[in-house]
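Asks: Provided below are the primary sequence and the corresponding predicted coordinates.
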Amino acid sequence: MPFLRESPLDLTGLIAAVTSPERGGIASFLGLVRDHHGGRAVQRLEYSAYAPMAEKECAAILAEAHERWPMAQVALEHRVGALEIGDAAVAVAAAAPHRDEAFSACRYVIEEVKRRVPIWKREYYADGTVGWVDPTAPGGAVPARPEAGQAS
Amino acid sequence: MPFLRESPLDLTGLIAAVTSPERGGIASFLGLVRDHHGGRAVQRLEYSAYAPMAEKECAAILAEAHERWPMAQVALEHRVGALEIGDAAVAVAAAAPHRDEAFSACRYVIEEVKRRVPIWKREYYADGTVGWVDPTAPGGAVPARPEAGQAS
Amino acid sequence: MTPTSDVVTVQVLLFARFAELLGAERLVLELPRPATLQSVLDRVLALPGGAGLPARPLLARNQTQAPPDTPLEDGDEVAVLPPLAGG
Amino acid sequence: MTPTSDVVTVQVLLFARFAELLGAERLVLELPRPATLQSVLDRVLALPGGAGLPARPLLARNQTQAPPDTPLEDGDEVAVLPPLAGG
């Protein structure tokens, strides 16, 4: 079961995968491609990944969630490749007997995915420029200068 | 748009209703009917409501969420009537530009629904008894004595 | 009924276990002025089956939760609410 | 290559903006023993385009993040990771 997907994500399927008669609370998260970023209009984007490491990190994150919330069952998918505005980039579903565990496990997984999984995002802006998103950059994640003419 | 529903809940529809190109983070919660409660096997249950007040409370809760997280859009449904194990009893979807607001708004709404909305749950147990769930009862929500012979 | 009537007539709604205990989902009560939610509760507790209710259940006036000392007007809708169990 | 060889050969993977800056997604480097992730980074920073990289990027050895002083063995897979942007 790869966590990285080249086809559209399926939150309903993830929810079904974690549901059981004992686990009555299901918290989920869906991250969609927004039409703007740092004040710039985004038209589309591409996610790329260091796939083998990304798969290992995702598995490790789910194992940690299961260790911290043993009653919780969590499923995760991350899209890679070309995405349009409104497409789901990441989906997490966490089921547990009680909602507190479900929310905590869901939140833990999405935070760790953002923090640890080697995935990169290239945004294509409405003005024709492109940029690699850098969440660690001071003053915003979007490159200050257009990169349209940059060699690749 | 009534919040109380006599037909199956539709989380996918709720998510679609709150989604927009600016709101890229969607947190949701689904509460399903579990097969046990307080150590007793549950076969099915019935939710009843003080419908006009329940509708007003649900609307008030969403208005409060919108006031606290102005960028968030939240949708809510609660099932009433006869439910089977695994059926969705409550569904909440909260979309916002950032996941922190989405999770906070989603959590706020489900907590307030449980705290304030006049809805009652009658459980039918595997041993043939029935009971009204009382979350405020000391030592558990399930009636200690069978009520099978009780007049209604 | 004139504005100077010395009684208020209210509709009382009972739900779930309370409706079962009292064998009714709806009552019409006439109460001497000044009437409050507590006046309704006292009457309900004194009805057959009323002893099974808690001494301080949640109360609502016109579909909004309210404290027992809330005054009532003629035509108000009062609800006596068992412990909530939604969600 | 024998166990006593005085060099280690590692594969270096570059991603996203770093791959663009260096014009390559994969390098094979021979490094004198003892080699560490820092040794790889020093070499990468000295390549054409390497000056555009940050001085302390995230590094991974065999698909696990590791600190710069991590020793390398022959055949290791090293990755130089731009700021992560998943989720």
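Replies: Looks like it arrived, so ask away.
Asks: am I right that A:Ala63 is in a strand?
Replies: No: counting by DSSP: H, G, I helix; E, B strand; the rest coil, A:Ala63 falls outside a strand, being helix.
Asks: and it, how many neighbours?
Replies: For A:Ala63, the tally of surrounding residues (other Cβ atoms under 10 Å in any protein chain shown) stands at 11. The C-beta positions use only the backbone N, C-alpha and C, and glycine is treated the same way.
Asks: report the beta-bridge partners for A:Val90.
Replies: Counting by DSSP bridges, A:Val90 forms beta bridges with A:Gly31, A:His78.
Asks: can you check the pLDDT for residue 33?
Replies: Because you didn't say which chain, this covers chain A. With respect to pLDDT, A:Val33 scores 96.
Asks: um, chain C though
Replies: Model confidence at C:Arg33 (pLDDT) stands at 94.
Asks: now A:Pro146
Replies: pLDDT, A:Pro146: 47.
Asks: show me the strands in chain A, by range?
Replies: A:4-5, A:25-32, A:36-37, A:40-49, A:73-79, A:81-84, A:88-96, A:119-125, A:130-132 (DSSP state E).
Asks: cool, chain C as well?
Replies: Counting by DSSP E, the strands of chain C are C:7-14, C:26-32, C:58-61, C:64-65, C:77-81.
Asks: so which of those strands comes closest to A:Thr129?
Replies: strand C:64-65 (55.0 Å; Cβ to Cβ).
Asks: near chain D, which residues of chain A?
Replies: Counting by Cβ under 8 Å from any Cβ of the partner chain, chain A comes close to chain D at A:31, A:47-50, A:52-54, A:56, A:78, A:89-90, A:110, A:113-122, A:132-137, A:141, A:150-152.
Asks: now the residues you listed: which count as buried?
Replies: Buried members of those, scored by 16 or more other Cβ atoms under 10 Å in any protein chain shown, are A:31, A:47-50, A:53-54, A:56, A:78, A:89-90, A:110, A:113-114, A:116-122, A:132-134, A:141.
Asks: verify the stated contact: A:Val130 with A:Leu45.
Replies: No: counting by Cβ atoms under 8 Å, A:Val130 does not reach A:Leu45; the two are 9.1 Å apart.
Asks: list the contacts of A:Pro97.
Replies: Contact analysis of A:Pro97 by Cβ atoms under 8 Å, 6 or more residues apart in numbering or on different chains lists A:22-25, A:71, B:34.
Asks: now with 6 Å, please.
Replies: A:22-23, A:71 (Cβ atoms under 6 Å, 6 or more residues apart in numbering or on different chains).
Asks: neighbour count and pLDDT added to those residues, as a markdown table?
Replies: Putting those into a markdown table (neighbours: other Cβ atoms under 10 Å in any protein chain shown; pLDDT from 0 to 100) gives the following:
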| residue | neighbour count | pLDDT |
| --- | --- | --- |
| A:Glu22 | 13 | 93 |
| A:Arg23 | 20 | 95 |
| A:Met71 | 14 | 97 |
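Asks: closest to A:Leu4 out of these?
Replies: Distances from A:Leu4 to the contacts of A:Pro97, taken by Cβ to Cβ, are shortest for A:Arg23, at 25.5 Å.
Asks: excluding chain neighbours, give the residue nearest to the closest one in space.
Replies: A:Ala95 (3.9 Å; Cβ to Cβ, 6 or more residues apart in numbering or on different chains).
Asks: my read: the one you found touches A:Gln73, true?
Replies: Yes: the criterion here is Cβ atoms under 6 Å, and A:Ala95 meets it with A:Gln73 at 5.1 Å.
Asks: which residues do the two both contact?
Replies: With Cβ under 6 Å, 6+ apart, A:Ala95 and A:Gln73 have common neighbours A:Val18.
Asks: just want to know which of the two has more residues nearby.
Replies: A:Ala95 (29 against 22).
Asks: report the helix or strand with the lowest average pLDDT across chain A.
Replies: Across the helices and strands of chain A, mean confidence by mean pLDDT, DSSP states H and E is lowest for strand A:36-37: a mean of 91.
Asks: looking at chain A, which residue is nearest chain D?
Replies: In chain A, no residue comes nearer to chain D than A:Ile119, which is 3.1 Å away by Cβ to the nearest Cβ.
Asks: got it, and chain C?
Replies: As assessed by Cβ to the nearest Cβ, chain D sits closest to C:Gly87 within chain C, at 28.7 Å.
Asks: so that residue sits against B:Ala88, correct?
Replies: No: the pair C:Gly87 / B:Ala88 is not scored as a contact, 11.5 Å apart, by Cβ under 6 Å.
Asks: most centrally placed residue in chain A?
Replies: Geometric centre of chain A, nearest residue: A:Val90, 3.2 Å, by Cα atoms, centre = their mean.
Asks: wait, doesn't that one sit right on D:Gly86?
Replies: No: A:Val90 is beyond contact range of D:Gly86, at 7.0 Å (criterion: Cβ under 6 Å).
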